[in-house]
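Student: my questions are about this predicted structure, shown below with the sequence.
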Amino acid sequence: MPTPLPNPLPARSFGRFRCPGLVVALVFAALLPAAPAMAAGTLVFCSEDSPETLSPPLAASSVAMDAIRPIFDTLVAFAPGTTDIVPSLATHWSISPDGRDYTFHLREGVAFQASEAFTPTRAMDAADVIFSFGGPEGGERGDDYEEFRDPGLAALLESVTSLDDHTVRFRLKRSDAALLAHIAMPVNSILSAEYSHRMLQQGTPERFHERPIGTGPFRFVDFRQDVAIRYQAFGDHWRGRPKLDALVFSITPTASARLQKLKASECQVSATPNPGEIAGIAADPSLKLFSISGLSIGYLAINTTRKPFDDVRVRRALNMAIDREAILSAIYPGMGTRVDSPLPPASWASAGAAQAYPYDPEEARRLLIEAGVTDGLKVDLWYPPDNRSYNPDARRMARMIAADLEPLGIKVIRNSAPWETYWRNLMNGETTLALAGWIGDNGDPDNFMATLLACSGAVRGGHNVARWCDAVYDALIERARQVTDRKTRARIYADAQAIFHEQAPWVPIASPRFLVAARANVMNFVMNPLGFHDFTGVDLAE
């Protein structure tokens, strides 16, 4: 969900709050008629934040991924409510015995949307797939992968070629069991090569990103930063016209304001209610609550390159000094599960239950003394400025952690900053202790194990906030990528998690359930463990 830099910032972790909730509500009210006056079949979704872009090649945040989904389709997709891969723009595919060639057979007759500046002259074909897996700019890209927009795929793809107008072959440099999960992500949506070319001809290449056009169930209408995004049903969608006539993302950063709008019928679906609001929502007959165990994790990252935290005994001491059960009860009341590994319990490869540090302040004190750490240690602890699903009350959590560490002679200096600055500090290794979080992009364990902890991420701008690098761990996760059998991969990841536990680069804290509140008349909404909101099949009862 969860990663980054420069700007846009990281997926799953990105967030901005520029307008006070009251101002947002007033401006939004000025833009839209009151809910009862809206066209039948208009659903308003109270979303958490403004996306940094609506263009897949430029998207990095979970907020942007959510906002992109209505407009675009991918070659393969996640089945509703799961991370299972199912056909989408590709009807079927085959994989060579060595795992290096993926051949996709494309759906025929798939229409692209139109706008005031562009009317497509052909259906989607292989040329659009090849174009979509080129570089990050909206210009001609072809087979130039030097500036590929997805670094993981850039290092993996050898070529993407067409066998005919509706057959495309991906040739990999090495086998990778997570490929299908990667290409199901919105950042790898299929774009219109014709649209890009036309905008270049007209001298308006910026329109390619600013006025997105895809093959998805809803076409883009307009976007007002920090206010709203409007979509309209695409009648020629290959699955058939959506049941909703229109979709609006009403950008509402605070949970209390979202709930207020939901109760007033100013929106029909609301993202991420606070845990303290759950009982009231469940008791209100006009509302209903959706919940699912999420592929998400909140954790305290320890910068292993800074003294004394380069000593594993100090890192283990932190794991024993922090009362995670108290944090779970206070911050995630009834809606979170303690984690003891880098994988959330919802992951099929999680081995966290077998590896746990006990809450033991006395043993923590002994380890600190053994490592030569006595009274007088000062340490910075960074926490995000706003709450997220993986950390519903970051400020309070930072206070609780400080209260646990200070009796051991560790003076904690709590720091925060606006989201852009906060995440830049984390990604650039400028923090000692930092509360971080991750929402899975694609359901594959590699998205946690490699993205957050591989040596390749322990660099400036990398996602490995702990700056931890272990050659044996790296070799295991690289081996897991080469294996397609899930049971074998799970055993390899269990070995890697054992190394993580021994070396303790984090204090893993919790994996929350994903929550969505809705009006009682919302039909066919399905939660997903990746935390995104899919309105493709949603309808509103009379």
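Tutor: Received the coordinates, thanks. Here the structure is a predicted model, which means the values were calculated and not measured.
Student: hang on, Ser250 is in a strand, isn't it?
Tutor: Yes - with DSSP: H, G, I helix; E, B strand; the rest coil as the criterion, Ser250 is part of a strand.
Student: wait, it sits on Ser47?
Tutor: Yes - between Ser250 and Ser47 there is a contact at 6.8 Å, judged by C-beta atoms under 8 Å. Heads up, the C-betas are built off the backbone N, CA and C, glycines and all.
Student: show me the contacts for the residue nearest to Thr167 when sequence neighbours are not counted.
Tutor: Counting by C-beta to C-beta, 6 or more residues apart in numbering, His105 is the residue found nearest to Thr167 once chain neighbours are left out, at 5.6 Å. Shown in contact with His105 (C-beta atoms under 8 Å, 6 or more residues apart in numbering): Ala90, Thr91, His92, Trp93, His166, Thr167.
Student: save these as a markdown table, and put in pLDDT and neighbour count too.
Tutor: Shown next, in a markdown table, are those (pLDDT from 0 to 100; neighbours: other C-beta atoms under 10 Å):
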| residue | pLDDT | neighbour count |
| --- | --- | --- |
| Ala90 | 98 | 24 |
| Thr91 | 98 | 13 |
| His92 | 98 | 11 |
| Trp93 | 98 | 19 |
| His166 | 98 | 20 |
| Thr167 | 98 | 17 |
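Student: can I get the residues you listed in a markdown table including secondary structure?
Tutor: Listed next are the contacts of His105 as a markdown table, based on three-state DSSP:
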| residue | secondary structure |
| --- | --- |
| Ala90 | strand |
| Thr91 | strand |
| His92 | strand |
| Trp93 | strand |
| His166 | coil |
| Thr167 | strand |
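Student: which one of those is nearest Ala450?
Tutor: Trp93 (23.5 Å; C-beta to C-beta).
Student: what's around Met397, how many residues?
Tutor: 25 (other C-beta atoms under 10 Å).
Student: what sits closest to it if chain neighbours are left out?
Tutor: Leaving out its chain neighbours, the residue that sits closest to Met397 by C-beta to C-beta, 6+ apart is Ile331, at 5.4 Å.
Student: likewise for Pro358?
Tutor: Met320 (6.5 Å).
Student: assign that neighbour to helix, strand or coil.
Tutor: Met320 is classified as helix under three-state DSSP.
Student: run a quick neighbour tally on it.
Tutor: For Met320, using other C-beta under 10 Å, the count is 23.
Student: next, work out how far apart it and Phe104 are.
Tutor: When distance is defined by C-beta to C-beta, to the nearest Å, Met320 is 50 Å away from Phe104.
Student: do the same with Leu540
Tutor: 35 Å.
Student: can you check Phe290 too?
Tutor: Distance of Phe290 to Phe104, given as C-beta to C-beta: 33 Å.
Student: between the two, which is the more surrounded one?
Tutor: Phe104 (24 against 16).
Student: helix or strand: which one has that one?
Tutor: strand 101-106 (DSSP states H and E).
Student: off-centre distance for whichever helix in the chain runs longest?
Tutor: Across the chain, the longest stretch assigned as helix under DSSP state H is helix 486-503. Taking C-alpha atoms, centre = their mean, to the nearest Å, the mean C-alpha location of helix 486-503 is offset from the chain mean by 23 Å.
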